[in-house]
Each structure stands twice: as C-alpha cells, then as structure tokens.
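1. my questions concern the predicted model and sequence given below.
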Amino acid sequence: MWNPLPYGRGSVLQTMPDSVQLLRILPEVLLSVFGTLVMVLDAVASERRKHWLGILSLAGIYGAAVAALAAYANSGPAFHDMIAVDAAATFFRLLLLAIGFLVVLGSMSYLKRDHLPQGEYYALVLFSLAGQGLMVSSVELIMIFLGLEISSLSTYVLAGYRRDDARSGESALKYFFLGSFATAFLLYGVALIYGEVGSTKLAAVRQFLAKDTSGGTLLAVAAGLLFVGLGFKVSAAPFQIWTPDVYQGAPSPVAAFLSTGPKAAAFAVLLRVSFTVLTPSISAWNWVLWMSALLSMTIGNFGALVQTNVKRLLGYSSIAHAGYILVAFASRTEIGAAAAMFYLAAYGFMNVGAFLVVSHLSAGEQHVTLDDYAGLGRRQPALAALLAIFLLSLVGIPLTGGFFGKFYIFRAAINADLIGLAVLGLLNSAVAAYYYLKILVVVYMHEPRDDSRVEPLPAGLAVTLVLAAAAVFLLGIFPGTALDFATRSAAGWSTVLSAR
Amino acid sequence: MREALLNVLLLLPFVGFLVLLALPRRDHGLIRFTALFFTLATFLLSLPLARIPAAAGFQLETSIAWIATPPIRYHVGVDGISLWLVLLTTFLMPIAVLASWKHPADRVKEFFAFLLLLEVGMIGVFVALDLFLFYVFWEVTLVPMYFLIGVWGHERRIYAAVKFFLYTMAGSVLMLAAILWLYNVTNTLDFPEMLLRLQRNPALMPGSAQFLLFLAFFVAFAIKVPLFPFHTWLPDAHVEAPTAGSILLAAVLLKMGAYGLLRFCLPLFPQASREMGPAISLLAIIGIVYGALVCLVQPNMKKLVAYSSVSHMGFVVLGIFSFTQIGADGAVYQMLSHGISTGALFLLVGMLYERRHSLEISAYGGAATPAPGLAAVFLITSLASGGLPALNGFVGEFLVLQGTAEADFRYVVPAALGVILAAWYLLSLYQRVFLGEPAGELADITGRELAAALPLLVMMVWMGVYSQTFLPKISAATNRILEPIELRVESAPLRSRFGTTDHAR
C-alpha cells in the first residue's frame, strides 16, 4: 500500500505508543475514564449522594480541558498520523468541553426535579464528549467515523432519556434511524475515497488530488456523500427534517447539548475536510455549500416563524444558524473558516443558555408553549433577563457574541465576493428577529396567567446561565482572544493549502 | 479632562443604568430621583460642549483600538452638527424623566433603566466615528425603545413595538452589508480614514456600486427619519409609546436618521447622492404635504403630532438634499428645533392624557378655562412648531426653503404649502382642545410639569431670536460636508438670475 507520509515519531513496528502520543489523546482518555467511573459508582452510590456523580463528571470535564491545553502545548500527530493535535483541534476540544460543562451543571437540578436516573446521564454526556473530541482531532476518515459513532450512540440514548415519555421515545427513534442512515452515507463516502486513493488519511487524499485530477468524479461523489452524512449532523438543509421533532421530544438539557455539541464537532470535521482537502479541488463543492447555506437559513427562519412550541422554535432556529455558518464555509477563505469557528462558539453558549432556561420552566417537559411564558418578566425577572440576553444574541444585537459572529461571517462572505448570499443572509436575520421577539413579547408584555407557579432558580442552573451569559457578552465585547485562536487555527489549514 | 468629555457622557448614563439595576425594586421614589440625578448630571457635564469653538474638523476625539481583526476602534468625536444633537439628547433626558414621574407606576425600575440605556445608545450614535461603533450604538437604541413601547405602552403596544423593531432591523441589516462592503474595499472601519481613502482613490468605488451602497445606507436612514413612504411605523410607535418614549422617539431617534444621511450618505457617496437628490427631494415634499394633510383630519392628538413629525422631518431631508450651504444649515437647525418643539408637544399631550386618559381630541374642549397655564404653554409650543417668526421653528424652515430655492425653485412652492398647513392644523388642534365650552374639570399645570416644560419654552425663544448661538458651528460642519466639488450647489446662479448680486462672470 502506498503511504503518503512516513509514520509519526514511532516506527511501524512500535506497538506501544510513547507518552507524548498518549498526552495528545489524554482529554478523550480522561473523559472515558471518568465516564466509566461514574457508571460504576452509580451502581453503588445511594440515591441521596447521586448528585456527587454530577460533580465528578464536572471534575472530569475540567481535567479534560486542562489535558487539552497540555496536549496543545505538545501539539503534533499521534497514533500513526490518525490523530493530530493542532490549534483547530484544541479550539474545538475546549469549546466542546465548555458546552459539556454547562450542560452537565445545568442538568443536575433538572434530573433531580423530574426524578430521572442521574448516573447514566452524566456518563453518556462524557462518552459523547469523548467521541466528539476524537472527531475534532482526527485526521483520518475511519477515526472520524469512529468518533462520530461514539458521539452519536450516546446522544441517541440521551434523546430518549425520558423512557416513559412517548415523545422522548419518538425523538430517540427518529434521531437513531435517520442518524444511522446518514452515517451510512458517510461511510460509503469514506469507502469510495479509499477505493480511489488507497488511503483514508486526509493528507494522502490531499496529495492524491494534488497529483492527479483525473479521478475527480469519483471523489466528487465521495465528497457529496460525506456532506450528506455531516450535513445531517449539523442539520443543514436539505437534511434538516429531523431537527425540530428531535429537539421537541428530547429532554430540554439534552436538546441544549444536541443542538450545540455534536453540531460543533460535525462542523469541525466538515471544516477540516472541506478546507484541507476538498475545497481547492472540487468546484461543485462550493455550489453545494452555497445552496445549502441559503436553504438552511430560509427553511429555518421561515419554519420558526409559525411555531408556538418554544423547543420546536429553537429547533428551527438552529437550522437557520447552521445556515449562517455554512455561509462562512461557502466563502472558502481563511477568514471564513475563522468566522465559522467563532460563530460556533458564540452559538454554543447562547443556544445552551436558551435551552437551559427552557428546561427550568418545563417541569416534566410540560409548559413549553409560548403561552406558558406569559409574564415571566414579572414572575422571575432575573431568569427572564437571562433569556432575553440569549435571545437578543440569537437575533444578533450588537455587544453580544451572536452579533459579532454574524458580523464576521458576513464580512467573510463579502470579502469572498458572495455579496448576494450575504445580503440574503442578512435579510434572513431580520426575519429571524421576528420570532425571537415573539418570545420576548410573551415574556415581558403579556400578563402572567393565574395558574403559573414561581419556581426558584436552583443555584447550579443559575451559575450555568450566568456563565453562559458572561461568555455571550465576552465574545461580543472582547472577541479578540477567541477570534485570534480561530484565526490561528484557520491559518494552520491555509499553510496546508498553500503547501500543495 | 476636557478631551475625555465624550467618554464621560457615554459612561455616566451607563453607570446610572447599572446603579438603577442594583436599587431595590419597591422604592419608586429613590429610583426616580436616581434617574433624575444621572440624567441631570449628564446634562450639566455636557454643557461645555456648547463652548467648543466653531471648527471644520472633529473635536474631543478619542481613538482607542478595540478589536484587532477587523480593525475596529473606539473612535468618538464631535463636530458642529453632532455636538448640538448630543446636547439635545442630554437636555431632553431629564425632561423625559420628569414626564414619567407618575406614569408608569408599574415596573418603574426597569423603565428608568431602559431610559438610561437608551441615552447611552443615542449619545453613542451621534459621537461614533467608527462605522462598526456607529452600527453598535444604532442597534443598541433599538432594544430599550422596543421594551419602552412594548411594556409600558398603550393598548396596541405590542404590535407597535414589534413593527418598530422589525422596520429598523430590516433597514439596518442592509446598512451592515454596505458597511462590510466598504470595509472590504477600504480596509478600514474608521470613518474619517475611510473617507480619506475613498477621496484619494475614487477607483475603489465604481459608480454602480456607489449607487447600491448609497441605497443600502439611505433606506436604513430613511426608515428612521422617517421619509415617505417609509413612515408607517411612526404613527403606531408614537401613539402606543409612553410619554417619555414618544418624546425621545420624536426628538432624538428620528434625528439619528437625518444625522446619518448628513454624516455618512453625502460624504461617502457624493455622486449617488446628487443623482438621487431630485427623487429624494420629491419624496420629502410628498412627506411634507401628505403629513400635513393627514394632520388636518386626525382625531387622535398623538397621531396628529406624529404625522406633523413626518411633515417637519420632510423639511430636514429637503434641506440636506438641496446640497446648498443654507439648506444644510437649515436642515440641522430644523432637526434641533423639531426636537425641542415636538418633544414639548408630546410632553403636553402626555400631560393631557394623564388627566383625562384619552388621546381623542373630541374628549377635550374648553380646557383653557380650568387650565389656563397648560393652555398658554400649549399655545406657545404650537406656534413654535408651526413656524411663527421669533420662535424656533421658523428659522429652520426658512433656511431650508431658502436653500431649496437656490437649488431649484420648483420645490419651494409645495414645500411652503407645508408651512401654511402646519399653522392651520396646529391652531385648529389648540382651538378644539382648549377653546369653546369646557368639557369638565381639568387640573392646571403643576410645578413638576412646569419644570419639565419651562426649559423647552426657553429654548424655543432662544433658538427663535438668537440663532447665532448655533449657526456658526453648524455652518462650519456642513461646509465641510459639502466640500467635495461634486456635491455642492453654488448659490450664485439664482442670485444673478434675480439680479440681486452683480457678479462679473
């Protein structure tokens, strides 16, 4: 078999990876260890001590974040060039861990209140995070596929976590069937690439394309299949159908996770694949991205206009946000890649925040229609203000991360001469303002209904929401650090690009 | 210290906003006095602005790097136009607070917090010299006003608030696209720097692009002004807003649109502005006459004042797009004067509403008998708004008409009709509300209300009799805006046509 690159630090014969290679996947290792630990302890812990499992998971996530930074300090390839720790991988690892941290912290009171089993929940989130961490740091298609499967299997279970709720079951089933179907597409694409190139390493594919352009058709088909598989995960049109149903049925904190974590990881893969391998070679790819971006924004925003269920509304809105991110993809430039990464970060915090507010208000997944939010501004001013911050960020009002993300995305689009797409996208975001305002109208301008109870905000959730809101403002007012990191990651890819 | 004045003016209301959020919810008195304190302090601190000498360029500039990529700077500064608009804002804020002393009585803390946040946004719009920063403040004004209308407004408040938000948002996203395009060709978001680069290298912006970019900015500003036919959000927003919201909406937020036209549209896109000038002037005239005609048949007081704004703001646009020095001076003067007199009208209508809880003109009548003080204030304000000489409205409208005449005499005749109609509908409003048989008891103006109204009356007279306080600085700034050779209409041809001056040509 033709090997495009010499193996990493070790020789072919070396079977035991050295310590630096282990360090490079330490975050995923830690997450798996803590996940297993939580499962084991769950069996022995008494019901009253179960919340310690959540705290243990938080410690695991925190440790993984530290490990991710340590790995970044020793960046490079590992495991025969299947894993590569670079700026992009680290950016996404940290983002995913931050999302995971907020979701776990925000779920603790939810699980307790609705009497749901706690142990498996945390373990599943940790495993899912481990899978996503693999996805974002792999540079080999089979590894990417494995990471995707690890992540997906956990999220299928999480979506159906309310076992006795038919909607939750429906959500899980839909997610599972459509998800498996989409992954099959992805795998088929990988197979085609292997058939053509003789390797599943991204570097090999890139070198193959640089040398030989005759095999373009088969690889174009493969690229299309990859896009189907990943497009499903990020809920990009036309593969978005499942999104509102799944988010509506899944427990709210799980929806918070589903709409951000797996999405960010799939986008990371899409970014890596399209920027390092496919974009320079296949021109149809650009057209596909352009159409998908426009369709996602339009379907998402216009679909959300008529929703009365808040979770469904946020589901449609997440399709629209995938569309904005695809606008950045369509620009095919370094700033486009950086813009997409920045937007994913901003979107992660604001969407987790919004869904967690929903989770607090929907005991037993009841009370999730707009009318149930009437007078929230009067009953719980602090919670309503936090919700308003997340929603205004989703609208894209300045000084929030959502605005700066949009600014950066559309700047990339205009810079790449995609003026039509940028204008359509911006008009779309004006349409979107309507349905977010619809929530705010109900929250602040309708009188509370008589039967509405005031449930105090649990401390853990309060901390989570304040952290998410702080992140939203931080990204909106001082975007420098995150932006530099994203730009550095994208620059890493473009040196790869120019090298060919 | 003086150099940092603008930063202080932006910071102080924001500090007030934070302080208000920290105050106990139930202590309404404390909340009101805190809001009054911060708005008054901001006003007093802003007074030195009036003593800035007339100069062409921007003054009191602060420019600090904010975001590295794209290079966004916190760049603020004022010139002879914006300094008056800032003063107008800080001057009206304590009045708006006084106007809200009794109403709303519900969620008082949030109300005043939003008012102060709105002040930050409004001042920011007028002082921002970085396009990104300008856009940030432009959008920041949207949120508090949305809540002010939507939470504390009248019956159809939600409809009005959402309409207000969406109209502005739809216009401003196009402006954002244009800003991004400009950044893309000039590589800067700093306004003076961008202008310089565009002037040095006109090839950066080809004619067709200039036209589209002009439209993108223009629509955003025209919605805000509001120029006919983009005005339909205004009557709804005004009628439904609480008194303070109406005052600030009419007096300051509308000026943001006109200010944007003058500050950004004309200098950035001189050719497109000139080409579109006649069409825009036509829209302005339609607005002037249409607004005035609607006022004549309007049974609702607030709606009447709102449509009179459409009419009066038409003069502002007409003056700007006359491209003459006098016209532009008049436009700015009219902006300030409209802010004072329409602000006062909304204040007075608010007082009437607090007394009888009706905005219908027919619910009143003969109010001058039980409330002579209120009637007197109302009469002076109506006359000022209608353009009686020696009061503020006259100066601006006269200058605008003179400038328009220099540019194209055909526009003056229908525009002057607007002045006549204004006197008609305002006096008829006064007559129907205050004269005739008294329709019941009506309390006269109180000390607090007089404290709110009196400064406005003083300004009306001041601006009417001594325009020299304001005009030299305004002229210096408008002169600079009209500097590009392709923009200015020279006044000489008209004068020589009428033989008043004898230039050797």
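-> Looks like it arrived, so ask away. These figures come from a predicted structure and were not determined experimentally.

2. give the rounded mean pLDDT of the strand ranked longest in chain B.
-> Identified as the longest strand of chain B according to DSSP state E is strand B:59-67. Mean per-residue pLDDT for strand B:59-67: 86.

3. which residues does it contact?
-> With contact meaning C-beta atoms under 8 Å, 6 or more residues apart in numbering or on different chains, strand B:59-67 is reached by A:478-480, A:483, B:2-7, B:49, B:52, B:71-79, B:83, B:129, B:132-133, B:190. Bear in mind the C-beta positions are built from the backbone N, C-alpha and C, glycine included.

4. look up how far A:Ile389 lies from A:Gly476.
-> For A:Gly476, the distance to A:Ile389 equals 10 Å [C-beta to C-beta, to the nearest Å].

5. which residues are in contact with both of the two?
-> Common contacts of A:Gly476 and A:Ile389 (C-beta under 8 Å, 6+ apart): A:Thr400.

6. and B:Gly77, that's in a strand?
-> Yes. Applying DSSP: H, G, I helix; E, B strand; the rest coil, one finds B:Gly77 inside a strand.

7. and the angle from the one helix or strand in chain A whose mean pLDDT sits lowest to strand B:59-67?
-> Of all helical and strand segments in chain A, the minimum by mean pLDDT, DSSP states H and E falls on helix A:480-499, at a mean of 74. Computed by axes from the mean of the first three to the mean of the last three C-alpha atoms, to 10 degrees, the angle separating helix A:480-499 from strand B:59-67 equals 60 degrees.

8. returning to what we had before: in ChimeraX, select just the buried ones from the contacts of strand B:59-67.
-> With 16 or more other C-beta atoms under 10 Å in any protein chain shown as the criterion, this ChimeraX line picks the buried residues out of those:
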select /A:479,483 /B:5,6,49,52,71,72,73,74,75,76,77,78,79,83,129,132,133,190
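
9. just the CA atoms of the helix or strand A:Ile325 falls within, as PDB, please.
-> In this structure, A:Ile325 is located in helix A:310-331 according to DSSP states H and E. Below are the C-alpha coordinates for helix A:310-331, written out as PDB (Å, rounded to 0.1, in the frame of the first residue of the first chain):
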ATOM      1  CA  VAL A 310     -40.500  27.000  22.200                       C
ATOM      2  CA  LYS A 311     -38.400  23.900  21.800                       C
ATOM      3  CA  ARG A 312     -39.600  23.500  18.200                       C
ATOM      4  CA  LEU A 313     -39.000  27.100  17.600                       C
ATOM      5  CA  LEU A 314     -35.400  26.800  18.800                       C
ATOM      6  CA  GLY A 315     -35.100  23.700  16.700                       C
ATOM      7  CA  TYR A 316     -35.900  25.600  13.500                       C
ATOM      8  CA  SER A 317     -33.700  28.500  14.700                       C
ATOM      9  CA  SER A 318     -30.800  26.100  15.000                       C
ATOM     10  CA  ILE A 319     -31.300  25.100  11.300                       C
ATOM     11  CA  ALA A 320     -31.100  28.700  10.400                       C
ATOM     12  CA  HIS A 321     -27.900  29.200  12.400                       C
ATOM     13  CA  ALA A 322     -26.300  26.200  10.700                       C
ATOM     14  CA  GLY A 323     -27.100  28.100   7.500                       C
ATOM     15  CA  TYR A 324     -25.200  31.200   8.700                       C
ATOM     16  CA  ILE A 325     -22.200  29.000   9.500                       C
ATOM     17  CA  LEU A 326     -22.400  27.500   6.000                       C
ATOM     18  CA  VAL A 327     -22.300  31.000   4.600                       C
ATOM     19  CA  ALA A 328     -18.800  31.200   6.100                       C
ATOM     20  CA  PHE A 329     -18.000  27.800   4.600                       C
ATOM     21  CA  ALA A 330     -19.100  29.000   1.200                       C
ATOM     22  CA  SER A 331     -16.600  31.800   1.400                       C
END
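
10. do it and chain B meet at all?
-> No. Judged by C-beta under 8 Å from any C-beta of the partner chain, helix A:310-331 makes no contact with chain B; its nearest approach is 11.7 Å.

11. quick check: mean pLDDT across that helix?
-> So the average pLDDT for helix A:310-331 ends up being 92.

12. ok, then the element right after that helix?
-> Counting by DSSP H and E, the next helix or strand C-terminal to helix A:310-331 is helix A:334-361.

13. that next one: how far from the chain's middle?
-> The chain centre lies 8 Å from the centre of helix A:334-361; the measure is C-alpha atoms, centre = their mean, to the nearest Å.

14. who are the packing partners of the helix or strand following that helix?
-> Using DSSP H and E, the helix or strand that follows helix A:334-361 in sequence is helix A:376-379. Identification of packing neighbours for helix A:376-379 by 3 or more C-beta pairs under 8 Å, 6 or more residues apart in numbering or on different chains; DSSP states H and E yields helix A:381-395, helix A:419-445.

15. now the element after the longest one, going C-ward?
-> Which is helix A:419-445. Per DSSP H and E, the first helix or strand lying C-terminal to helix A:419-445 is helix A:459-477.

16. the closest residue to B:Gly257 other than its chain neighbours: neighbour count?
-> Nearest residue to B:Gly257 in three dimensions, chain neighbours excluded: B:Lys224, at 3.0 Å (C-beta to C-beta, 6 or more residues apart in numbering or on different chains). Residues near B:Lys224, counting by other C-beta atoms under 10 Å in any protein chain shown, number 28.

17. try B:Ser362
-> Count around B:Ser362 with other C-beta under 10 Å applied: 11.

18. residues from chain B in reach of chain A?
-> Applying C-beta under 8 Å from any C-beta, one finds that chain B approaches chain A through B:67-70, B:107, B:110, B:132, B:135-137, B:139-140, B:142-143, B:146-147, B:150-151, B:157-158, B:161-162, B:165-166, B:169-170, B:173-174, B:176-177, B:180-181, B:183-184.

19. in helices, which of the residues you listed appear?
-> Counting by DSSP state H, the part of those found in helices is B:110, B:132, B:135-137, B:139-140, B:142-143, B:146-147, B:150-151, B:157-158, B:161-162, B:165-166, B:169-170, B:173-174, B:176-177, B:180-181, B:183-184.

20. any of these buried? List them.
-> Among those, those classed as buried by 16+ other C-beta under 10 Å are B:110, B:132, B:135-137, B:139-140, B:142-143, B:146-147, B:150-151, B:157-158, B:161-162, B:165-166, B:169-170, B:173-174, B:176-177, B:180-181, B:183-184.

21. show me what contacts the closest residue to chain B within the stretch 251-400 of chain A?
-> Per C-beta to the nearest C-beta, A:Pro398 is where the stretch 251-400 of chain A lies closest to chain B, at 3.9 Å. Neighbouring residues of A:Pro398 by C-beta under 8 Å, 6+ apart: A:404, A:476, B:135-137, B:139-140.

22. now A:Leu158
-> A:Leu158 sits in contact with A:121, A:124-125, A:128, A:250-251, A:254, A:257-258, where contact means C-beta under 8 Å, 6+ apart.

23. local confidence estimate at it?
-> pLDDT at A:Leu158 comes out at 93.

24. and the strands in the stretch 151-300 of chain B?
-> For the stretch 151-300 of chain B, no strands are identified by DSSP state E, counting those that start in this stretch.

25. returning to that earlier point: I'd like the contacts of A:Pro398 as CSV, with distance to A:Gly35 and pLDDT appended.
-> Converted to CSV, those look like this (distance: C-beta to C-beta, whole Å; pLDDT from 0 to 100):
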residue, distance to A:Gly35, pLDDT
A:Phe404, 34, 90
A:Gly476, 34, 90
B:Tyr135, 45, 93
B:Val136, 43, 92
B:Phe137, 47, 93
B:Glu139, 43, 90
B:Val140, 44, 89
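
26. tabulate those residues (a markdown table), appending distance to A:Ala88.
-> Listed next are the contacts of A:Pro398 as a markdown table, based on distance: C-beta to C-beta, whole Å:
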| residue | distance to A:Ala88 |
| --- | --- |
| A:Phe404 | 20 |
| A:Gly476 | 23 |
| B:Tyr135 | 30 |
| B:Val136 | 29 |
| B:Phe137 | 34 |
| B:Glu139 | 31 |
| B:Val140 | 33 |
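
27. now the two most distant members of these.
-> Comparing all pairs in those by C-beta to C-beta, the longest separation belongs to A:Phe404 and B:Phe137, at 15.0 Å.
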